[in-house]
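Asks: quick check, what structure comes out for this input:
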Amino acid sequence: MNNTRAFGGYRFWGLRLLVLSALGMLGLLGLAASGVTAQTAGQSDLETAVVEEVLGQKTARSAAESFGFSSAERREKTQTNVQRTSEDGNWAFGTAIVEAPKKEGAYPQGWLFVAEKTSGAWRVGLQGSDAFSDLTQDAPAQVMEESEKELLTGSAAESRGFQATSTRLRLPWKRGLAWKMSGGPHGWATGYDRPYSALDLNGRGGKVRSAGAGRVYKMCGSADGWLRVYHYNGYSTDYYHLRHNIKPRDGRRIKAGTYLGLTGQTTCGGGAAYGNHVHFALLRGSRHVALDNKTLSGWTFQQGKAYYGHAKRNTIRRYAGDLLRH
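Replies: Residues are numbered from 1 along each chain as shown. A predicted model of the protein is given here:
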């Protein structure tokens with residue numbers, strides 16, 4: 001009896017210790033989990049703020065509507081790519097895109113953003129907005145250096161103006177080579193949306209090069225497929241469907257003619273491609289502008305129906321499917 005009671009007592013206290021240990025472990029796990037949750041929530045707060053700002057943009061709404069996205073799908077299709085943060089975690093810089101459906105003739109929309117966290121809430125500015133300019137000016141050096149601020153807020157562009165026909169930019173391949181203009185001036189987002197800012201181009205070697213000097217940024221979170229270069233004259237250029245593209249630190253200075261990648265069929269932000277090419281487009285800041293009457297490498301482009309139109313140099317005219325010599 002005594003031995004039995006003693007054994008029962010040991011079993012009781014052993015079970016009690018086991019239960020207490022288990023509860024302790026659960027408590028520790030709970031603390032760890034709450035720490036992860038807090039961290040995730042912090043990241044989610046920034047992403048949510050960026051998404052809300054993107055969804056408020058007219059161009060994002062019109063593109064999403066043309067794609068037939070529901071409001072829930074618009075949120076799901078918005079990517080946030082944080083590229084730099086301040087040491088205190090209260091500043092962030094990066095890119096945001098709205099993915100396109102995975103079908104031919106559909107392309108993503110994209111912006112740079114700057115965000116500041118004050119009183120526990122994020123204020124986000126997308127490039128082209130007053131908030132972007134204000135936040136950029138106040139951003140710490142570890143997030144954005146002064147020369148980059150000047151470039152991205154458009155002060156250089158404002159001093160030069162945009163009235164001249166010449167863009168002072170070049171076609172995106174090596175001088176001396178002739179590439180095919182497989183698609184004449186057409187829309188960026190759906191092919192048929194205006195302005196007709198884009199060309200489809202491919203040629204021997206497939207090496208895509210920067211249309212001018214400036215700073216280069218990766219638009220997709222995967223870093224593959226889409227680069228944007230901001231030039232010193234206020235224009236920007238998009239390069240989509242790239243493969244084996246360079247993966248520099250975002251905002252790296254590059255020269256005119258710098259190798260960016262190869263023509264390809266990559267669709268990091270949606271859409272589709274059949275046959276290697278680069279979907280090349282002209283922008284002012286982050287807003288696409290018409291190629292009509294704009295000159296690159298001596299060729300002045302005239303738009304017609306989407307994907308048609310022509311390029312003219314002196315008395316020579318080249319149409320979709322023809323070669324353009326750089």
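
Asks: quick one: the strands in the stretch 51-200 of the chain?
Replies: Taking DSSP state E, counting those that start in this stretch to define them, one finds strands in the stretch 51-200 of the chain at 78-85, 91-98, 109-118, 121-126, 166-169, 178-186, 198-203.

Asks: elements contacting the fourth one?
Replies: Just to be clear, that refers to strand 121-126. Under the contact criterion of 3 or more Cβ pairs under 8 Å, 6 or more residues apart in numbering; DSSP states H and E, strand 121-126 touches helix 2-55, strand 109-118, helix 130-138. C-betas here are computed from N, CA, C, even on glycine.

Asks: one more: the last one?
Replies: Packed against strand 198-203 by the contact rule (3+ Cβ pairs under 8 Å, 6+ apart) you find strand 178-186, strand 278-284.

Asks: can we see that at 10 Å?
Replies: Here strand 198-203 touches strand 178-186, strand 235-240, strand 278-284, strand 323-325, going by 3 or more Cβ pairs under 10 Å, 6 or more residues apart in numbering; DSSP states H and E.

Asks: quick one: average pLDDT of that strand?
Replies: Across strand 198-203, the average pLDDT comes to 97.

Asks: what lines up beside it in the sheet?
Replies: strand 178-186 (antiparallel), strand 278-284 (antiparallel) (DSSP bridges).

Asks: counting contacts, what elements does the helix or strand following it pack onto?
Replies: Going down the chain from strand 198-203, the next helix or strand is strand 207-209, by DSSP states H and E. Counting contacts by 3+ Cβ pairs under 10 Å, 6+ apart, strand 207-209 is packed against strand 259-262.

Asks: contact partners of the strand it packs on?
Replies: With contacts defined as Cβ atoms under 10 Å, 6 or more residues apart in numbering, strand 259-262 is touched by 172, 174, 205-211, 216, 224-227, 229, 237, 239, 241-248, 254, 276, 278.

Asks: shaky segments in the chain?
Replies: 1-43, 63, 155-164 (pLDDT under 70).

Asks: contacting residues around the residue most central in space within it?
Replies: With distances taken as Cα atoms, centre = their mean, the residue of the chain nearest its centroid is residue 219 (2.4 Å). Neighbour list for residue 219: 79, 81, 95-97, 108-112, 225-228, 238-240, 250, 268-269 [criterion: Cβ under 10 Å, 6+ apart].
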